[in-house]
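Engineer: Give me a model of this one.
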Amino acid sequence: MKLNAAEDFLLSIKQDIARMAQMYSGSKFMSGIERLNICKECDRYNTLLKTCKECKCFMPIKVNLAGENCPIGKW
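Structural biologist: Now for the predicted structure:
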């Protein structure tokens with residue numbers, strides 16, 4: 001009986017972490033690589049400086065920060 005309760009508890013924690021990841025990374029969880037690939041296809045991405053022309057952020061860093069979002073809603 002105790003094992004089932006522990007399994008239920010761990011499943012609950014896993015689900016909570018997944019929900020938090022979605023909250024902090026936009027509408028769905030994306031890795032930094034996925035986000036950066038979206039940026040690289042955007043006309044607002046400065047390829048030479050690796051920055052966003054909208055928010056002026058250095059994108060190789062920003063895409064890995066879970067609480068950050070694309071300023072024009074692409075991720």
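Engineer: Quick one: the strands in the chain, in order.
Structural biologist: Secondary structure of the chain, counting by DSSP state E: strands at 45-46, 51-52.
Engineer: Between those strands, which one is closest to Leu10.
Structural biologist: Leu10 lies closest, by Cβ to Cβ, to one member of the strands of the chain: strand 51-52, at 38.4 Å. Where you see a C-beta, it was placed from the backbone N, CA and C, and this is true even at glycine.
Engineer: And that closest one, what does it pack against?
Structural biologist: strand 45-46, helix 59-62 (3 or more Cβ pairs under 8 Å, 6 or more residues apart in numbering; DSSP states H and E).
Engineer: wait, which of those is closest to Gln15?
Structural biologist: Closest to Gln15 of the helices and strands packed on strand 51-52, according to Cβ to Cβ: helix 59-62, at 27.3 Å.
Engineer: Nothing else from me, thank you.
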